[in-house]
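Q: next input, structure requested:
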Amino acid sequence: MTSTTTGTWRDERLAPDDRADLLLKEMTTAEKCHQLTARMSWYLVKPDGSDAPDADEVLRHPPGHIAQLILDDPAQLAAMTGTIQHRIISRGRLGIPAIFHAEALSGFLAGGHMVFPSGTGLAAGWSPDLVEQMSDLIRRQMRRTGLTHALSPVLDVALDPRWGRVHETFGEDPYLCAALGVAYVRGLQGQDLSKGVMATGKHFLGYAVTAGGINTAGFESGARRTRDLFAYPFEAAIRMAGLRSVMNSYSDVDDVPAGASPEVLKDLLRDALGFDGFVSSDYGTLDHLVGRQRVAADEAAAGRLAIEAGLDVEMPNPSGYGDLLAAEVERGAVDHRHIDEAVRRVLRAKFEVGLFEHPYPTERIDVAAAAAEGGELSQDLARRSIVLGKNDGILPLAPGRLDVAVIGPHADAPSLQFPTYTYASWREANDAIIRGELGTMNGAEDVVTAWYDTLFTPQDPHTLVGERYGACSLAAEIGERARTVVTEPGSALTRELGDEAIERAVAAARDADVVVLALGGASLWFTGERTEGEASDTADITLPAAQIRLAEAVAATGTPLVVVLVQGRAYALPQVVQEAAAIVVAPYAGPFGTRSITDVLFGVVNPSGKLPYSLPRHSGQIPVYHHQKAGSGYRGPLPPGVSNHYLDMTATPLWPFAHGLSYTTFAVSDLDCGPDIDARGTARVGATVENTGDRDGATVVQLYLRVNTTTVTRPAQQLGGFARVELAAGERRRVTFEVDATQLAYTNLARDVAVEPARVDVFIGFDSDDRSLEGSFEVVGAPRIVSGAERSFLSTTVVDTVNGPGGGV
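A: Next up is the predicted model:
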């Protein structure tokens, strides 16, 4: 747009759009092109705050963004942020401040801040209200250290557990991803963005369902499925929470790299989904266009492709943008209009977050107080994330009365509760760089190593999480509750430790009243023994063979077996694990992970977690997820005389999406689907939920819908709403889901997003396969084409007290 406003861009009374237009007119081509770049901190300053060797050259045209400044405590971070920001403002011709960004997936990724459960851990808690509280705290922590842009949340819908980054996501369901994503963005950006932090939805698009489950591989999907399934959480965050930034996927989408695709970044993201913020490149995207995807001959060509496609900002350092892009503009190879559009979006964002008025961080920070912030919330989220998968009555364990053997690779490994995108895991990778075991992927190994070597002293990971976060091992936590405890690893995560290690584990099991067998995975950054993480994918999702051998040896003792699975994504469970007396599934939950597991084992906490993914029986089933299309996968009918979809096993998951047990029991009754609606109406579906056991507890009441459309195949069911309800023993509550007709919209035969007449089948229960209550309502009357601004993405839930015998107060 062209502003007609008179005045100066410094006038705070003007709207951010107008200020951006006015400032844009003052800028040279080079200044504009560098506003579209980021720089790592070490290119501007040394660890002591003095100028880096190339600082004068970098500050000739200051970058618009500063990438991943991670230091050991918030006071140190704030001081360095202020130092760099002052240089950028004072030495740039126009004094334009930089946006500093950081990761914030499981808490603010910087030393001295609380860690929260990973994405699938947050999803297992089904608690958007607590997720919003978490990101609101992250907002305050980042603002006071001078950072205004978070590279979170991950809104990828994860259908393939072979992919190593599943734990960063909110799981397999687009509705659950949308509900938690909207909550995260609202908390982070706040009610007033001038006091908020810009959230980044990533990775657009289809990054979690790449070919073969391999990181950065291509994404293959039809246009309808792309829009209706994989774009759903992004559009919800854009429409409902005003998402201000989006990060491209590394993947190809319909054979075009997402970071260079006008169809993805303009036609879909901006025109169809209504996004009006700026697009941030995933790190090294332009280099990938040249060296990996080979769609650009050199960095200049990559820059041309990306800027014309709508990629606004290149991170973490200039490759095809900056001086190279300016030269392409000057020689007429790139239309200046593309530059102005991108720069206008970046400048508007800086005005929106109040960066010109408040560019510097808080002057004083109480380091000890900052480190403790969010502790109770982290513990509450961790407790809610624990899923009781199976229980033959052995749980809860009796406190103080049992001799317990804690065996397995997670028995004495508190640091494994801290996955990638937490400070502890980052430090472990950082220490590997200092030791020369891991490259930096930034092309400046000598500079980076010197920076880290000056600022950080390598530390044992278990010691670090103990000293920084008070994290204890599972064996230590159980030792506080059991009569006696002994612990043996028996095996590493993926390696056998030898026959003697197995023999010691077997001896410990034989002498115990009960064995807690602590198995599972680990997420690390490009280094160390791991089963998950970025670029850490697996072809076989079965628990590693070393752990299976250990489990079989321990089970052979006959001592009752309680299996604890610490994991960020689904594993196929061997028979020996399936036959255990009890199975508890726990995410990477940070400092309170092992304590929360122990609270559940001993009944201090009644488990309420629900799996955010289906648990396959075998790797060969992948992908297996609850919203498979009608007539497809395990939702399809069997031919006459055929008993299974596969010759060798059933196609159903071992445990369905949202599976999770409790130490009490629940029931739903009295379904009311309300009257039929038209395409502008709201369906009201209600049911009564009752705690039918003798113990207080919480459950998640779930609404599933099947829209029986014409011509276009739709999911056999879709999550349409949920409510986490806490109930005293014998208590009842009435749960009503209000579903706007536009929530049922889909891309129809004419490729319009529309609500069309249909019978809508209704299922209410406690997991995706539970058919405790079934009914239906009709959408009648004329079809309705729905614009994005009109569309509803999440149902409204009302939980009321039920009076009378067994009811609430």
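Q: show me the protein divided up by domain.
A: Following automatic domain parsing, the chain resolves into domains at 18-367, 386-418+470-609, 666-801.
Q: distance from the first one to the middle of the chain?
A: Here domain 18-367 is found 15 Å from its chain centre; the criterion is CA atoms, centre = their mean, to the nearest Å.
Q: out of the domains of the chain, nearest to residue 623?
A: domain 18-367 (4.4 Å; CB to CB). Where C-beta positions appear, they are placed from N, C-alpha and C, glycine not excepted.
Q: and that closest one, average pLDDT?
A: On average, the pLDDT along domain 18-367 is 97.
Q: shouldn't residue 548 be within a strand?
A: No. Per DSSP: H, G, I helix; E, B strand; the rest coil, residue 548 lies outside any strand segment and is helix.
Q: related to what we said a few turns ago, and the domains of the chain as TSV, adding distance to residue 375 and mean neighbour count?
A: Formatted as TSV, those follow (distance: least, CB to CB, whole Å; neighbours: other CB atoms under 10 Å):
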stretch	distance to residue 375	mean neighbour count
domain 18-367	6	22
domain 386-418+470-609	8	22
domain 666-801	21	18
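Q: now distance to residue 657 too, for those domains, in CSV please.
A: Output for the domains of the chain, formatted as CSV (distance: least, CB to CB, whole Å):
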stretch, distance to residue 657
domain 18-367, 6
domain 386-418+470-609, 10
domain 666-801, 4
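Q: and these: which comes nearest residue 648?
A: Judging the domains of the chain by CB to CB, what sits closest to residue 648 is domain 386-418+470-609, at 13.6 Å.
Q: among the domains of the chain, which comes closest to residue 629?
A: domain 666-801 (5.0 Å).
Q: identify the residue spatially nearest to residue 212, adjacent ones excluded.
A: residue 162 (7.1 Å; CB to CB, 6 or more residues apart in numbering).
Q: also residue 790?
A: residue 742 (6.0 Å).
Q: where does the one you found land in three-state SS?
A: helix.
Q: same question, residue 53
A: coil.
Q: from residue 224, how far out is the spatially most central residue of the chain?
A: Geometric centre of the chain, nearest residue: residue 169, 3.2 Å, by CA atoms, centre = their mean. As judged by CB to CB, to the nearest Å, residue 169 and residue 224 stand 22 Å apart.
Q: distance from stretch 484-504 to the middle of the chain?
A: 33 Å.
Q: angles on the backbone of the residue nearest to residue 212, please.
A: phi -70, psi -30 (degrees, to the nearest 10).
Q: related to what we said a few turns ago, isn't the residue nearest to the centre of the chain right next to residue 118, touching?
A: No. Using CB atoms under 8 Å, residue 169 makes no contact with residue 118, being 9.1 Å away.
Q: how about the residue nearest to the centre of the chain, what does it touch?
A: Taking CB atoms under 8 Å, 6 or more residues apart in numbering, we find residue 169 in contact with 119-120, 123, 154-158, 177, 208.
Q: out of these, which comes closest to residue 708?
A: residue 157 (23.0 Å).
Q: so how far is residue 651 from that closest one?
A: Distance from residue 157 to residue 651, by CB to CB: 20 Å.
Q: also residue 99?
A: 48 Å.
Q: same question, residue 630
A: For residue 630 relative to residue 651 (CB to CB), the value is 15 Å.
Q: repeat for residue 678
A: 38 Å.
Q: circling back to that earlier point, among the domains of the chain, which comes closest to residue 625?
A: The nearest among the domains of the chain, by CB to CB, is domain 18-367 at 4.5 Å.
Q: can you tell me how far the closest residue to residue 714 other than its chain neighbours sits from residue 417?
A: Residue nearest to residue 714 in three dimensions, not counting chain neighbours: residue 707, with 5.3 Å by CB to CB, 6+ apart. Using CB to CB, residue 707 is found at 40 Å from residue 417.
Q: list the contacts of residue 785.
A: 752-754.
Q: let's see 6 Å
A: 752, 754 (CB atoms under 6 Å, 6 or more residues apart in numbering).
Q: bridging residues for it?
A: residue 754 (DSSP bridges).
Q: Three-state assignment for residue 704, please.
A: What three-state DSSP gives for residue 704 is strand.
Q: report the beta-bridge partners for it.
A: residue 719, residue 763.
Q: and it, how far is that from residue 359?
A: Taken as CB to CB, the span from residue 704 to residue 359 is 49 Å.
Q: my guess is residue 740 contacts residue 793. True?
A: No. Residue 740 lies out of contact with residue 793 (CB atoms under 6 Å); the separation is 9.1 Å.
Q: and stretch 448-455, how far out from the chain middle?
A: Worked out by CA atoms, centre = their mean, stretch 448-455 lies 30 Å from the chain centre.
Q: how close does the closest residue to residue 330 other than its chain neighbours sit to residue 191?
A: Spatial nearest neighbour of residue 330, excluding adjacent residues (CB to CB, 6+ apart): residue 29 at 6.3 Å. According to CB to CB, residue 29 stands 37 Å off from residue 191.
Q: for the closest residue to residue 200 other than its chain neighbours, which residues are in contact?
A: Excluding its sequence neighbours, the residue lying closest to residue 200 (CB to CB, 6+ apart) is residue 245, at 4.1 Å. Neighbour list for residue 245: 198, 200, 277-278, 280 [criterion: CB under 6 Å, 6+ apart].
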